[in-house]
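Trainee: just coords:
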């Protein structure tokens, strides 16, 4: 009997637990360890931040879902991973031994790297449902007395899609309230151009996103380094294509949301051989850590190099489609080791994303995510909005029933294929 421990109860951790249960032997024990008793559907956070969703609509109690599949749950955070003795040290002082460890922790949000950013500073966040709830309270105050908005992603950020989503969702909500004319909007990003997305662009993402921003009267500043944020104003240095300072901006705002850079969580940060200097888990082609082969990493917490060098640092996004591919490969590879075989399954490093814009949306497919690509497509339309809403409902339904089905592959590919062909 082997004890397989999964750290994290997010999208990756929950799907990992269900798929591992199906692939493991009946006698193997599986335990999920998390500092949060709830599962949250993170892609819906932008909707929560403008009160289009309530928190309780996008969260589920993790323990009952797991227990139905005979998966254990420990609702205590991990203070430190001790790979040399195959043990987790928990926040309450307890320890958990493992034979295999799967890290699906998500990131640490590096608000501390830029003065004044984050929910404890002067900007909002949609990275966590707690932040989205706080952002919604600030939004209600804002719409009662509107003014300028600054939205975007700081230097070192690797997840740009939600920044575009939230900019457009706010713009839609303002139009519905008939106060859009009172709100100048500026998009600030470390990307070298609008629509880069940390992927070197996908299809005509640059042209399409610039056109959308122009039509919605959203200004933008690219190659931007946010220097600091004070109450009501943001200090931004714009750089040229060689990375040299080009122009200093002082941007006034009454509401701002900036996506931060990510780091590895404290429990693994600095563990020699386990993580890179930013604290992301180092993995080989089979999701294993090279130094500690009994440790696997999936999702946002794993180390992936940038797609290309940019004047201001940008990271590489890890989409839900990619994460589920990591889950499947990891489950099959651990079963191979349990059976005395070498791992041979590799995740498909493809980027597929649906971004809701409130009443329309944009979708992209990059197969593989690093150019040159076999598929390089970006499109927009109301059908993307409908697909995103349907995807949320379908994923929550499947999670309630404890499935390991790769819903991203099913829903996204159907959305991009069937719905597009029907012209929706």
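Mentor: Now that the structure is in, tell me what you want to look at. No experiment lies behind these values; they were computed from the predicted model shown. Numbering: from 1, shown residues only.

Trainee: Who are the packing partners of the strand or helix carrying residue 337?
Mentor: Following DSSP states H and E, the helix or strand that holds residue 337 is helix 320-338. If contacts are counted by 3 or more CB pairs under 8 Å, 6 or more residues apart in numbering; DSSP states H and E, helix 320-338 sits against helix 11-23, strand 100-103, strand 295-297, strand 351-356, helix 407-414. For every residue, glycine as well, the C-beta is placed using N, CA and C.

Trainee: pLDDT (mean, whole number) over that helix?
Mentor: For helix 320-338, the per-residue pLDDT values average out at 94.

Trainee: now do stretch 370-382
Mentor: Averaging pLDDT residue by residue across stretch 370-382 gives 89.

Trainee: Stretch 277-297 now?
Mentor: 98.

Trainee: now it: how far from the chain's centre is it?
Mentor: Centroid separation for stretch 277-297 versus its chain: 19 Å, with CA atoms, centre = their mean, to the nearest Å.

Trainee: buried residues in that stretch?
Mentor: 278-283, 286-289, 292, 294-297 (16 or more other CB atoms under 10 Å).

Trainee: tell me the pLDDT at residue 33?
Mentor: Confidence per residue is given as pLDDT, and for residue 33 that number is 98.

Trainee: is it true that it touches residue 4?
Mentor: No. Under the contact definition of CB atoms under 8 Å, residue 33 does not touch residue 4, with a separation of 11.4 Å.

Trainee: ok, residue 90 - contacts?
Mentor: For residue 90, the set of contacting residues under the criterion of CB atoms under 8 Å, 6 or more residues apart in numbering consists of 33, 74, 76, 77, 78, 79, 96.

Trainee: do residue 222 as well
Mentor: So, once contact is read as CB under 8 Å, 6+ apart, residue 222 ends up touching 189, 190, 191, 192, 193, 194, 238.

Trainee: Test my guess that the first one contacts residue 164.
Mentor: I take that to be residue 189. No. Between residue 189 and residue 164 there is no contact under CB under 8 Å: 9.0 Å.

Trainee: that older thread, would you mind listing the two of the contacts of residue 222 that lie farthest apart?
Mentor: Farthest pair in these (CB to CB) is 194 and 238. Separation: 13.5 Å.

Trainee: residue boundaries of the helices in this protein?
Mentor: If you assign secondary structure with DSSP state H, the helices in the chain sit at 11-23, 45-48, 62-67, 129-144, 161-176, 205-215, 320-338, 382-400, 407-414, 420-422.

Trainee: Among the buried residues of stretch 277-297, which one lies nearest to residue 387?
Mentor: Proximity to residue 387 was ranked across the buried residues of stretch 277-297 by CB to CB; first place goes to residue 287, at 28.5 Å.

Trainee: and that closest one, how far is that from residue 345?
Mentor: 8 Å (CB to CB, to the nearest Å).
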